[in-house]
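>>> need a 3D model of the sequence below.
(one chain, ligands or ions: 1)
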Amino acid sequence: MTSLPPMLLNGRNPAASDLDWLLASRALAFGEGVFTSIRITAGQAVFLEDHLLRLQSGLAALLYPSEAVDWLLLEKEIKTLSHQLQEGMLKVMLLAGPGGVGYRRAKKQVWYRFIRPRLLSINNQAYQAGIACWWQACPGSNPESSSKHLNRLSQTLASEGCPNHFAEALQYNADGKVSEAIARNVFWFANGCWHTPSLQTGALAGVMRRQLLSHLTTNQVLQVKSDLETLKQAEEVFVCNSLQGIWPVTSLQDANGCLANWPIGPQTQQLMAVFHPQLGLPLN
Ligand SMILES: Cc1ncc(COP(=O)(O)O)c(C=O)c1O
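Presented below is the predicted three-dimensional model:
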C-alpha cells in the first residue's frame, strides 16, 4: 500500500486537542466553510489558480473577508504536499472555528486550513465506453449554490436517490431545467455549439466548467436554461469535474426506461484530448 504524505492543519500535523475547537466550530455546527478537491499528477496541482479563486469567491459568498485566510501560505502548503504526493488528489478545506452566539457571528472569526492527501481511483470504463446517467429532480438547492461551501445536503440526498448501478445522475431544478450532475457539471453539443446550464439553474461553478468555458470561445459555447426535450436532441453529452475530467454520457434513464441515447462523438473526444493529458487521465 502506497503511503500518503501527512494531513496538514494550519501547516502542522493535526493533534487530538484539535477536537476541542473542531467540535465547537461553526464549520461543524453550520457548515460554515468552503472546500475543493484538486487533481495532483506528476507532483503538480492541476488548475491550482482556479481552485484558489473559487475558494476565495466561496468565502466572499459566505460574507467573510478575504483576509480571513493567508492565501500565499495555503498555496505554498498545497504545492509542497503535491510534490510529496506525486499522484492522487488533495482535499482542501477552510473551516470556520468557534465563535458567535448561535447563528449570529462574532465580529472576528478564526479560520483553519486543512489539507488531506488522498489516492484517486480512475474509472477507466467511463472514458472508454461512457456512462449511463439517471434522470432525477434535484432535492433542492442551498443559497449560494454556485459556491463549493460545506452545506452538501442536496448532493448527499441526490446520491441516495440515484440507483447504485448509475455512476452519475443528471438533475433538473424546480423549474424543470437541467442543472448539473451530482458531483459534476454537464455539457452537450447541439446545432454546431456546446451548451451548459447557466449558474442560475443552481449549478456549481466547477473549475473544469470554467476551464472549458475559457477554452471554448464565446461563439462555441452557450450558458443556457434548457429542459429535457432540448437535452434529448443533443448530438453528444458529457459530465465533468476537475478530478476525473470528462466522462461521455451515452444514455439517460429514469424509472420508465430509456429517455435518450448519445454516441461518444468527435467533439467530446477533442476536448478529452485537450484536457486529459494535463490531468493525467486516459484519452479513451
Ligand atoms: C455539485 C457539483 N457540481 C460540479 C462539480 C464539479 O466541480 P469541479 O470541476 O470544480 O471539480 C462538483 C465537484 O465536486 C460538485 O460537487
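
>>> only C-alpha atoms from now on, for both contacts and neighbour counts.
Will do.

>>> which residue packs closest to A126, ignoring adjacent ones?
Spatially, and ignoring its direct neighbours in sequence, A126 is nearest to W247 (5.8 Å; C-alpha to C-alpha, 6 or more residues apart in numbering).

>>> distance of the one you found from L283?
Distance, W247 to L283, using C-alpha to C-alpha, to the nearest Å: 10 Å.

>>> overlap in contacts, those two.
Y127 (C-alpha atoms under 8 Å, 6 or more residues apart in numbering).

>>> and those two? Which one has more around it.
Taking neighbours as other C-alpha atoms under 10 Å, W247 and L283 compare with W247 leading, 28 against 18.

>>> surely the more buried one touches E236?
No. Judged on C-alpha atoms under 8 Å, W247 makes no contact with E236 at a distance of 11.2 Å.

>>> any residues in contact with both of those two?
With C-alpha under 8 Å, 6+ apart, W247 and E236 have no common neighbours.

>>> just to revisit the earlier point, which residues does the residue nearest to A126 bridge with?
For W247, the beta-bridge partners are V239 (DSSP bridges).

>>> what's the answer for M93, then?
F35, F114.

>>> which residues touch the residue nearest to A126?
A126, Y127, G130, I131, F238, V239, C240.

>>> in which helix or strand would I find the second one?
Assigned by DSSP states H and E, Y127 falls within helix 124-129.

>>> low-confidence ranges in the protein?
Per-residue confidence for the chain (pLDDT under 70) gives these ranges: 1-2.

>>> what ranges does it have for its strands?
Secondary structure of the chain (DSSP state E): strands located at 8-9, 33-41, 44-45, 88-96, 111-118, 131-137, 168-172, 178-181, 185-190, 193-197, 221-224, 236-241, 245-254, 257-261.

>>> what comes up buried for stretch 154-174?
Under the neighbour-count criterion of 16 or more other C-alpha atoms under 10 Å, stretch 154-174 has Q155, A158, S159, C162, E168, A169, L170, Q171, Y172, N173 buried.

>>> which of those residues sits closest to T41?
Closest approach between the buried residues of stretch 154-174 and T41, by C-alpha to C-alpha: E168, at 24.1 Å.

>>> what's the distance between the closest one and G161?
Plainly put, E168 is 11 Å away from G161 if you go by C-alpha to C-alpha.

>>> go on, E144?
Taking C-alpha to C-alpha, one finds E144 at 23 Å from G161.

>>> what does V274 give?
V274 is 33 Å from G161, by C-alpha to C-alpha.

>>> again with Y112
33 Å.

>>> same check, this time on A255
Applying C-alpha to C-alpha to A255 and G161 gives a distance of 12 Å.

>>> quick one: name the residues of the stretch 101-250 of the chain near the ligand.
Within reach of the ligand by C-alpha under 6 Å from any ligand atom, the stretch 101-250 of the chain has these residues: I182, A183, R184, N185, L204, G206, V207, M208, R209, N241, S242, L243.

>>> can you count the residues close to the last one?
Per other C-alpha under 10 Å, the neighbour tally for L243 reads 23.

>>> show me what contacts it?
Neighbours of L243 in contact, by C-alpha under 8 Å, 6+ apart: S37, I38, R39, M89, L279.

>>> which two in these are spaced the farthest apart?
Top of the distance list for the contacts of L243 (C-alpha to C-alpha): S37 and L279, 13.0 Å.

>>> domains for this protein, by residue range?
For the chain, the structural domains run 8-118, 124-277, going by automatic domain parsing.

>>> what about the last one, distance to the chain center?
Once both centres are worked out by C-alpha atoms, centre = their mean, to the nearest Å, domain 124-277 turns out to sit 11 Å from its chain's centre.
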